[in-house]
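Trainee: fold the following, please.
(one chain, ligands or ions: 1)
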Amino acid sequence: MTLATAPGKAILLGEHAVVYGRPAIAVPVREVCARAEVLALSDASAGTVTVEAPDVGLAGNLKELDPSHPIPRIILDTLHALGPGLFPAVHLRVTSSIPIASGMGSGAAVSVAIARALSEHLGLPLPPDEISALAFAVERIHHGTPSGIDNTVVAFGQPVYFRLGARPMPFDIAGRMHLVLGDTGVASPTATAVGMVRDRWRADQPVYERHFDSLGQCADQARGLLEAGRIAEIGPLMDASHQVLKEIGVSTPGLDALVQAAREAGAWGAKLSGAGRGGTMLALVSEEDIDRVRQALTVAGAVRTIYTQVGS
Ligand code: MEV
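Mentor: Here you go, the predicted model:
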């Protein structure tokens, strides 16, 4: 049996602006993950792939599944990338603890886990950039015009500084960053939020370009601070970014309430994370305030809180 996992993710700074060429920073969230298990099928003919993904109610022989569904799609694309030739029959089981449409990269993580498990099982492990490219192709079918940041951070499993068209830069954070995520429980497909921002950008490009500049500048400043271990100083950049994201129109009263509750409970900074319009928010906290912020988020209506630590 070959098992591969891929973490969830949070966008620390720069969401939406990253679709318009500004830099953004994303971090892995290892407390949730997608898992893909590949088992040899001894009683089936070579080349057979059977699939089981109970979380999304998918089961059957790959040949009979809808090839445009993201799971069959990533399997087909991975097998194609591995090259022609018959391979032994396999059974693939896919599960995930990452909430769907919550801004935590569940689709990208499922694709990455599958591509990694299959390529390793067939003895041709692919490097993170190739796994990321395979996942990106699936993201493009299902998420409109994604920037590629989700598949990149999930495939590299490391903090990443990302800019469209440039080589993604995984980087190290000096020191330890404590993050608390609060899930509004409101599903928000990325494609819808990105499409809404695009309509607004088309209607008022100068204003939206300025918003994107501000978000990108926050991401740029944050990278230097993280590399220098000046973690608490990211807080005000997160607060400023949340304000801009509100002006862009992707926050909601539910997200604002969680952001406010986290700040009042002592967070150094808080903002929505990902596409917005629901999904998840993110708070940067000191080690002493982790529990207090989690409790405050629950009282303010979070259906789930996740604590994660990034850095050394
Ligand atoms: C989604 O995690 C982040 C967005 O910027 C979309 C993207 O970059 O593809 C909203």
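Trainee: okay, how far is it across stretch 101-110, tip to tip?
Mentor: End-to-end distance of stretch 101-110 (C-alpha to C-alpha, to the nearest Å): 13 Å.
Trainee: can you start the count at 17 instead of 1 from here on
Mentor: Happy to do that; since the first residue is 17 now, the last one works out to stretch 117-126.
Trainee: OK, contacts around the residue lying closest to residue 160 once chain neighbours are set aside?
Mentor: In this structure, residue 160 finds its nearest non-sequential neighbour in residue 207, 3.9 Å apart by C-beta to C-beta, 6 or more residues apart in numbering. No exception for glycine: its C-beta is placed from N, CA and C like everyone else's. By C-beta atoms under 8 Å, 6 or more residues apart in numbering, the contact list for residue 207 reads 158-160.
Trainee: do the same with residue 118
Mentor: 199, 203-204, 290, 294-296.
Trainee: pull up the pairing partners for the helix or strand harbouring residue 286, direction included.
Mentor: Taking DSSP states H and E as the criterion, the element that holds residue 286 is strand 285-289. Strand 285-289 has these partner strands in its sheet, going by DSSP bridges: strand 296-301 (antiparallel).
Trainee: centre of the chain to the strand it pairs with, how far?
Mentor: Here strand 296-301 is found 14 Å from its chain centre; the criterion is C-alpha atoms, centre = their mean, to the nearest Å.
Trainee: can it be found next to the ligand?
Mentor: No: Strand 296-301 stays clear of the ligand (C-beta under 6 Å from any ligand atom), getting no nearer than 9.8 Å.
Trainee: now render the contacts of residue 207 as CSV, adding distance to residue 223, pLDDT and secondary structure.
Mentor: Output for the contacts of residue 207, formatted as CSV (distance: C-beta to C-beta, whole Å; pLDDT from 0 to 100; DSSP: H, G, I helix; E, B strand; the rest coil):
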residue, distance to residue 223, pLDDT, secondary structure
158, 29, 81, helix
159, 25, 78, coil
160, 22, 76, coil
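Trainee: most neighbours, which of the residues you listed?
Mentor: residue 159 (23 neighbours; other C-beta atoms under 10 Å).
Trainee: now for it: which residues touch it?
Mentor: By C-beta under 8 Å, 6+ apart, the neighbours of residue 159 are 123, 205-207, 210.
Trainee: what comes up buried for stretch 80-92?
Mentor: Going by neighbour count (16 or more other C-beta atoms under 10 Å), the buried part of stretch 80-92 is 81, 85-91.
Trainee: sitting in helices, which of these do you find?
Mentor: Among the buried residues of stretch 80-92, the residues falling in helices (DSSP state H) are 86-91.
Trainee: how about the residues of the stretch 67-216 of the chain near the ligand?
Mentor: 119, 162-163, 165-166, 206, 210.
Trainee: farthest pair in those?
Mentor: Within these, two members stand farthest from each other by C-beta to C-beta: 119 and 163, at 13.8 Å.
Trainee: what about the two, which has more around it?
Mentor: For residue 119 versus residue 163, the count of surrounding residues by other C-beta under 10 Å is larger for residue 119: 31 against 26.
Trainee: let's verify the more buried one: helix, strand, or coil?
Mentor: Look at residue 119: counting by DSSP: H, G, I helix; E, B strand; the rest coil, its state is coil.
Trainee: hang on, isn't it packed against residue 295?
Mentor: Yes: counting by C-beta atoms under 8 Å, residue 119 does reach residue 295; the two are 3.3 Å apart.
Trainee: helix or strand for the closest residue to residue 37 other than its chain neighbours, which one?
Mentor: The spatial neighbour of residue 37 that comes closest, neighbours along the chain excluded (C-beta to C-beta, 6+ apart), is residue 180 at 5.1 Å. Under the criterion DSSP H and E, no helix or strand holds residue 180.
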